[in-house]
Structure formats: C-alpha cells, structure tokens
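# sequence and predicted structure, then a few things I'm wondering about:
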Amino acid sequence: MNPAPVRVAVTGAAGQIGYALVFRIASGQMFGPDRPVALHLIEVPAEKPMQALKGVAMELEDCAFPLLRDVVLTSDTKAGFQDVNWALLVGAKPRGPGMERNDLIKENGGIFTGQGRAINDAAAEDVRVVVVGNPCNTNCMIAMNSAPEVPRERFSAMTRLDQNRAQAQLARKAGVPTTQVKNALIWGNHSATQVPDFHNATIGGKPADQVIRERAWLEGEFFKVVQQRGAAIITARGVSSAASAANALVEHVRDLCTPTPKGEWRSVCVRSDGSYGVPAGLVSSFPVRADGKGGWEIVSGLALDAFLQRKLAASVAELQQEQALVAHLLG
Ligand code: NAX
C-alpha cells in the first residue's frame with residue numbers, strides 16, 4: 001500500500017455531481033482499494049454552499065471510510081488546490097433563464113482562468129486536471145492556458161458520460177450486454193454537436209455498423225439519443241444528470257491511471273496535436289490510450305466515413321467559435 005494519500009480537489013463539491021462523486025472517491029473506487037485519499041472540497045464563498053459543504057463533510061465522516069485520511073473545506077481556491085495531485089473542476093455557473101450559450105461561455109471562462117492560475121501556483125508537481133463544468137472543452141483550454149507551468153498533457157475534459165451513453169444504446173439495439181460493446185467513441189465537443197462513432201465501436205468484436213445494419217438508425221435515432229441525452233434527463237428528472245456524470249468521472253480518472261487494455265481506447269477530451277483534422281490547441285474528444293504511468297496517446301489511423309467526418313467538422317467548427325469567444329482569456 002502507498003501510505004501517502006492522493007490529494008483530490010473537487011470544485012462545486014456541494015453541487016449535485018459533487019454529492020454523487022465524493023463518496024465514491026472516498027470509498028476507493030477512483031484510486032483503488034489500497035490508496036488512501038484526502039479530499040479538498042471547494043465551493044463559492046457564500047453561506048448556503050459552504051453550509052451544505054459542512055453537511056457533506058459530516059456525511060463523509062459518518063461513512064467511516066477506511067481510506068479517507070483528510071477532508072479540507074474551503075472557498076479559497078489557492079488553499080483548495082494546495083498540494084493536490086488531482087484537480088476535478090466540476091463547479092461552474094449553470095445557464096440561467098434567458099442566458100445565451102455564448103454568455104455562459106464568457107461567464108464561466110473567468111472561473112477557469114482563476115482556477116488554472118491557482119493550480120499552477122499551489123498544486124503538487126504531478127497534478128492532473130479534469131474539467132467537467134460546462135462548456136468543459138473550452139473551460140479546459142482556458143485552465144490549461146492559465147497554468148503555464150503545468151504540462152498540457154495533464155489536462156483533460158470529460159466525454160466519458162457520452163461514451164457510456166453510446167455504449168449502452170448500441171448494446172440495447174443489438175440486444176447484447178454492454179460488455180459486448182467495446183470502443184464506443186465520442187469525437188469533438190461535449191455538446192449537442194458531439195459525434196458518437198458507430199464505425200470504430202465494436203459489438204462482439206465486429207464493427208457496430210456491420211452488426212446493426214440499419215444506417216438510418218445509426219445516423220438518426222442513435223445520434224439524436226446520445227447527443228440529446230442530457231436534455232432528456234433534465235426533462236425527466238427536472239435536474240441534470242448527476243449520478244451518471246459522477247460515475248463517468250470515476251471511470252475517466254481510473255482509466256487514465258490504468259494501462260488501457262490492448263486494442264481498446266477511451267473517449268477523452270485532450271489538447272489536439274492536429275490529429276484527425278482537429279486544429280492543434282483545441283481541446284477535443286479523441287480515442288485515447290493510457291500507459292498507466294501518467295502518459296497517454298491519441299490512437300492514430302482510425303477511419304471515419306464521410307458522414308462521421310462531416311459531423312466532426314461541424315463539432316470542430318463549434319469548438320473554434322467557442323475559442324474565438326474566449327480568445328482574450330487564452331493569453
Ligand atoms: P450544480 O449547480 O448542482 O453544482 C455546481 C456547484 O458548483 C454549485 O454548488 C456551485 O456553488 C459551485 N460553483 C459554481 N462556481 C464555482 C466556483 N467558481 N468554484 C467552486 N464552486 C463553484 O451543478 P452540477 O449538476 O453538479 O453540474 C456541475 C457542472 O457539470 C455543470 O457545469 C454541468 O453543466 C456540468 N456537467 C458536465 C457533464 C460532462 O459530461 N462533462 C455532464 C453533467 C453535467 O451537466
């Protein structure tokens with residue numbers, strides 16, 4: 001057992017996803033059953049969320065988790081990121097009534113410059129950062145650009161929930177368990193333009209589009225369900241996905257720490273190196289393999305048909321628009 005706890009900061013820890021997430025981290029599901037953890041729970045400096053955070057800490061205590069060594073509650077970002085090995089940036093402003101997506105992008109941008117700087121100045125030397133708060137790709141790009149001393153490959157944003165959604169839909173359509181579906185893959189932006197790839201995914205070892213021979217379903221219903229799933233959950237629950245998002249984040253981090261099995265990959269939003277026609281510097285979802293030692297690579301050489309290429313180009317165009325909106329925050 002490594003006796004030193006892994007220090008994990010969670011922003012927005014009193015929010016919905018935070019509440020579904022921190023217990024799973026403390027129970028060992030993110031870093032394994034042998035690794036002690038310390039949680040740094042960060043919220044905005046306002047009475048209600050800080051009070052709620054105290055309640056979360058009390059519940060954490062009431063679980064008597066064997067691996068949980070320390071819980072820090074703070075609204076001071078620098079104190080919150082002090083010496084952390086992982087910074088999970090979940091907190092963000094939700095889109096308010098009458099607010100345009102562009103306003104949301106600009107408002108949230110400011111949060112991620114401040115957090116990027118604080119991570120740069122205070123976090124542990126090996127810090128790794130995952131952005132969940134939306135628009136997560138662009139927020140990740142902002143945080144990365146605000147933390148010049150942290151290597152850029154340490155930053156990622158989350159499309160794992162979208163990947164899991166795509167995997168589940170393909171399994172349901174093919175009438176097989178989800179374990180039969182491998183390499184469900186999301187390209188592009190974590191937004192309604194995201195591209196769930198039905199060609200490079202496999203079902204029982206064969207390309208999904210050779211098992212599900214209904215092109216109209218793949219290009220229509222499948223795309224729509226995966227792209228619009230977040231909105232469908234809000235319609236059904238009255239609030240956005242939280243438990244499934246927390247679950248996806250547990251898997252995102254765990255899989256970045258573990259060697260990816262041979263022949264497989266995971267959807268991770270990382271800084272583009274120009275692969276697959278995505279302009280370098282944008283943070284886009286790619287097929288990624290991790291080496292288990294902190295490194296990862298974008299899987300090269302996958303083929304995209306004309307339909308998927310067109311969809312990816314549209315998603316990349318959206319990422320470029322977002323980039324233009326926050327250009328003043330990119331240094
Ligand atoms: P909630 O509104 O329940 O919680 C957000 C929390 O963040 C609040 O407690 C708020 O006080 C806090 N917060 C806001 N600004 C902060 C700051 N500067 N520092 C620290 N804390 C701050 O939202 P929740 O449902 O938990 O969702 C959080 C974010 O995840 C949202 O931006 C949401 O859009 C995004 N999502 C991203 C997903 C993804 O796959 N990448 C899926 C789920 C989710 O929609």
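Received, thanks.

# what mean pLDDT does whatever helix or strand L170 lives in get?
Element membership of L170 [criterion: DSSP states H and E] is helix 160-174. Averaged across helix 160-174, pLDDT comes to 98.

# residue numbers of the protein in contact with the ligand?
11-12, 14-18, 42-44, 49, 90-94, 111, 132-134, 136, 158, 161, 190, 230, 240-242, 245 (C-beta under 6 Å from any ligand atom). Any C-beta I mention is one placed from the backbone N, CA and C, and that applies to glycine too.

# show only the entries of those residues found in strands.
11, 42 (DSSP state E).

# among the residues of the chain next to the ligand, which ones are buried?
11-12, 14-18, 42-43, 49, 90-93, 111, 132-134, 136, 158, 161, 190, 230, 241-242, 245 (16 or more other C-beta atoms under 10 Å).

# can I get stretch 306-317 in CSV? Just the C-alpha atoms.
This file holds the C-alpha atoms of stretch 306-317, laid out as CSV (Å, rounded to 0.1, in the frame of the first residue of the first chain):
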residue,chain,number,x,y,z
ALA,A,306,-17.9,10.8,-45.0
PHE,A,307,-20.9,11.1,-42.6
LEU,A,308,-18.8,11.0,-39.5
GLN,A,309,-16.2,13.3,-41.0
ARG,A,310,-18.9,15.9,-41.8
LYS,A,311,-20.3,15.7,-38.3
LEU,A,312,-16.8,16.0,-36.8
ALA,A,313,-16.1,19.1,-38.9
ALA,A,314,-19.3,20.7,-37.6
SER,A,315,-18.3,20.0,-34.0
VAL,A,316,-14.8,21.3,-34.5
ALA,A,317,-16.3,24.5,-36.1
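
# give me the buried positions along that stretch.
Of the residues in stretch 306-317, those buried (16+ other C-beta under 10 Å) are 308, 311-312, 315-316.

# same thing with stretch 184-204?
Result for stretch 184-204 [16+ other C-beta under 10 Å]: buried residues 184-191, 193-203.

# the stretch 151-300 of the chain: strands as residue ranges?
155-157, 181-182, 185-187, 195-197, 202-203, 206-207, 266-271, 283-290, 296-298 (DSSP state E, counting those that start in this stretch).

# including mean pLDDT, could the ones you listed go into CSV?
Below are the strands of the stretch 151-300 of the chain laid out as CSV (pLDDT from 0 to 100):
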stretch, mean pLDDT
strand 155-157, 98
strand 181-182, 98
strand 185-187, 97
strand 195-197, 98
strand 202-203, 98
strand 206-207, 97
strand 266-271, 98
strand 283-290, 98
strand 296-298, 98
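
# nearest to L218, of those strands?
Nearest to L218 among the strands of the stretch 151-300 of the chain is strand 195-197; the distance by C-beta to C-beta comes to 9.2 Å.

# and that closest one, what does it pack onto?
Secondary-structure packing of strand 195-197 (3 or more C-beta pairs under 8 Å, 6 or more residues apart in numbering; DSSP states H and E): helix 160-174, strand 185-187, helix 223-237, helix 306-325.

# poorly predicted segments of the stretch 101-250 of the chain, please.
Of all residues in the stretch 101-250 of the chain, none has pLDDT under 70.

# the nearest residue to S146 once chain neighbours are set aside - how many residues pack around it?
Leaving aside its chain neighbours, S146 sits nearest to G116 (2.8 Å; criterion: C-beta to C-beta, 6 or more residues apart in numbering). For G116, the neighbour count with other C-beta atoms under 10 Å is 30.

# who touches G116 in this structure?
142-147 (C-beta atoms under 8 Å, 6 or more residues apart in numbering).

# buried set for the host helix or strand of it?
Following DSSP H and E, one finds G116 within helix 101-122. Judged by neighbour count (16+ other C-beta under 10 Å), helix 101-122 contains these buried residues: 101, 104-105, 108-109, 111-113, 115-120, 122.

# ditto for stretch 52-71
52-53, 56-57, 60, 65, 67-69, 71.

# okay, angle between the helix holding G116 and helix 306-325 too, please.
If you take axes from the mean of the first three to the mean of the last three C-alpha atoms, to 10 degrees, helix 101-122 sits at 70 degrees to helix 306-325.

# touching, S284 and V268? I think so.
No. The pair S284 / V268 is not scored as a contact, 9.9 Å apart, by C-beta atoms under 8 Å.
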